[in-house]
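**Student:** Could you work out the structure for the sequence below:
(chains A and B)
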Protein chains: 2
Amino acid sequence: MIQLIPVAGLGEIRATSGLEDQLADALTATGISDGDVLVITSKIVSKAEGRFVELGTIIPGARALDLAGNTGKDPRLVELILRESASVVRAAGPVLITRHRLGLVMANAGIDASNLGPAGDDRVLLLPEDPDRSARHLAKALSSRLGCELGIVLSDSFGRPWRQGVVNVAIGVSGVPPLDDRRGDHDRDGRPLRVTQIAYGDLLASAAGLVMGEADEGIPVVVVRGAKVSDTTQGAASLIRPLKEDLFQ
Amino acid sequence: MIQLIPVAGLGEIRATSGLEDQLADALTATGISDGDVLVITSKIVSKAEGRFVELGTIIPGARALDLAGNTGKDPRLVELILRESASVVRAAGPVLITRHRLGLVMANAGIDASNLGPAGDDRVLLLPEDPDRSARHLAKALSSRLGCELGIVLSDSFGRPWRQGVVNVAIGVSGVPPLDDRRGDHDRDGRPLRVTQIAYGDLLASAAGLVMGEADEGIPVVVVRGAKVSDTTQGAASLIRPLKEDLFQ
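**Tutor:** Got it, this is the predicted structure:
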């Protein structure tokens, strides 16, 4: 059996606060064991890392102005999206999908413009600079504070080209297998398995999404108990399909 | 807290067996309550519905022969994929992605060619004819056998264009909200929520995927306890993005 346990009592994360200390306190109250996996919305890691940008400091270039006209977005936000991205994948109607410099194909380069402070605040929040590094760092910091080894998944919500609604995916991982690689395995009748790689990190993120709901409303951390952990050094970057295999550029 | 509980002891499902009776027995042994959600791999529903096709009965047409040459697939299988599909979305290397007549964009029209009997058997298995109808039918049948109201999700594993590995999605649902629609809601500071629709049915399927692993190996049914249920009549068809909004045809 696997359990998905909400972590309550985590205060508002600010750039200057100690995410590690706050997490350690909240997890001690929740109860935590060796082999538990923490799924953490990347938003609070971004906040802890101070990944805010004041839109007022951004001067949009010609391409941003052009795309802003087409999408109806704030030109300064579009400029920031372009700066965070390696390429534009689709711009249509209000939708702007880019390949983030991390390789992630997602809307608006993952920039979060909601719930960042008092209404009228024009700060937006970028993704963590290196989510796999952030996950490894958190794993180490929490291990030393809590005395147990935890898997870490940083999650974000992604749209999908052919399906409605968003799902949570893993953009950073430590201590869990991002891909459960079954290549070479066989089924009960000796045939090669049809499905050979399971996106295990994404399944963890989506399972936690059942508990998180809309992360803006207050369950930013979920303990997954009973899942697979691993001492792999593979990060969530291995969940990104290489550009040369992309049939939908 | 949400629990993901494997359902053990479900025998091999054959076209002639009673899936409902077998499920009711296995669920009685597992323990089941009002409001539990069953996530069931669509494969066993297909088997129960007798959705087998003998490849030997299929004569490939010109287009199937052409695509088979390009993809290296059995031309009879390609013919069957085309018959199950409204259009071909991408054919490249060994990959054949189509829009299934149900609207699902997926590899090989969801046709399963693995683990269907003794090696040498050339039977393949189509998706259930109408997965939402199958889900509603199972909900009703299990309710009358078990005396409690259950949510039902039929799941299948899908690849994604920009991410490695497969995840489980919902292709049929009954009694659970396929989309958790938050349009019109606001965050704590009064701003409209950035994420407005959560693909709740897909999150349920993916959560169960953590327990199922590769469905060919034997955990085809998972109880999700503590999730949202609903008396919505919306099916998993509402998780399919309408063709007119498809930016990646």
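**Student:** Was I right to think A:L19 contacts A:A48?
**Tutor:** Yes - using CB atoms under 8 Å, A:L19 makes contact with A:A48 at a distance of 3.7 Å. The way it works is simple: take the backbone N, C-alpha and C, and place the C-beta from them, glycine included.
**Student:** Mind listing the shared neighbours of the two?
**Tutor:** Contact criterion CB atoms under 8 Å, 6 or more residues apart in numbering or on different chains; residues shared by A:L19 and A:A48: A:I13.
**Student:** where does chain A dip in pLDDT?
**Tutor:** For chain A, the stretches flagged by pLDDT under 70 are A:15-17, A:115-120, A:183-195, A:214-218.
**Student:** what are the ranges of the helices in it?
**Tutor:** Secondary structure of chain A (DSSP state H): helices at A:19-30, A:42-48, A:62-71, A:75-84, A:131-146, A:200-212.
**Student:** If I take the fourth one and helix A:62-71, what angle do their directions form?
**Tutor:** If I follow you right, that is helix A:75-84. 120 degrees (axes from the mean of the first three to the mean of the last three CA atoms, to 10 degrees).
**Student:** to the chain's geometric centre, what's the distance from helix A:75-84?
**Tutor:** Remark: helix A:75-84 is offset 20 Å from the chain centroid, using CA atoms, centre = their mean, to the nearest Å.
**Student:** How about that helix and chain B, touching?
**Tutor:** No - residues of helix A:75-84 contacting chain B under CB under 8 Å from any CB of the partner chain: none, with a closest distance of 12.2 Å.
**Student:** buried sites along that helix?
**Tutor:** Using 16 or more other CB atoms under 10 Å in any protein chain shown as the test for burial, helix A:75-84 gives A:75-82, A:84.
**Student:** Output the strand ranked longest in chain A in CSV with nothing but the alpha carbons.
**Tutor:** Secondary structure of chain A per DSSP state E: the longest strand is strand A:163-174. Extracted in CSV, the C-alpha atoms of strand A:163-174 (Å, rounded to 0.1, in the frame of the first residue of the first chain):
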residue,chain,number,x,y,z
ARG,A,163,-5.7,16.5,-23.1
GLN,A,164,-7.6,19.0,-21.0
GLY,A,165,-6.5,20.1,-17.6
VAL,A,166,-3.1,20.1,-15.9
VAL,A,167,-1.3,17.3,-14.2
ASN,A,168,1.7,17.4,-11.9
VAL,A,169,5.1,16.3,-13.3
ALA,A,170,8.6,16.0,-11.7
ILE,A,171,11.0,18.8,-12.7
GLY,A,172,13.6,17.9,-10.0
VAL,A,173,14.2,14.6,-8.2
SER,A,174,16.7,13.1,-5.7
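**Student:** what angle do it and helix A:131-146 make?
**Tutor:** Using the same axes, to 10 degrees: strand A:163-174 against helix A:131-146 is 60 degrees.
**Student:** what angle sits between strand A:163-174 and helix B:200-212?
**Tutor:** 40 degrees.
**Student:** Which elements pack onto strand A:163-174?
**Tutor:** When contacts are defined as 3 or more CB pairs under 8 Å, 6 or more residues apart in numbering or on different chains; DSSP states H and E, strand A:163-174 sits against helix A:42-48, helix A:131-146, strand A:151-160, helix A:200-212, strand B:163-174, strand B:197-198, helix B:200-212.
**Student:** Which one of those lies nearest to A:L55?
**Tutor:** Ranking these by proximity to A:L55 (CB to CB) places helix A:42-48 first, at 15.7 Å.
**Student:** so how far is that closest one from its chain's centroid?
**Tutor:** 10 Å.
**Student:** What is it packed up against?
**Tutor:** helix A:19-30, strand A:123-125, helix A:131-146, strand A:151-160, strand A:163-174.
**Student:** Please see if stretch A:138-157 touches chain B.
**Tutor:** Yes - judged by CB under 8 Å from any CB, stretch A:138-157 comes into contact with chain B at A:S157.
**Student:** Can you tell me the closest non-neighbouring residue to A:D132?
**Tutor:** Excluding its sequence neighbours, the residue lying closest to A:D132 (CB to CB, 6 or more residues apart in numbering or on different chains) is A:G235, at 3.2 Å.
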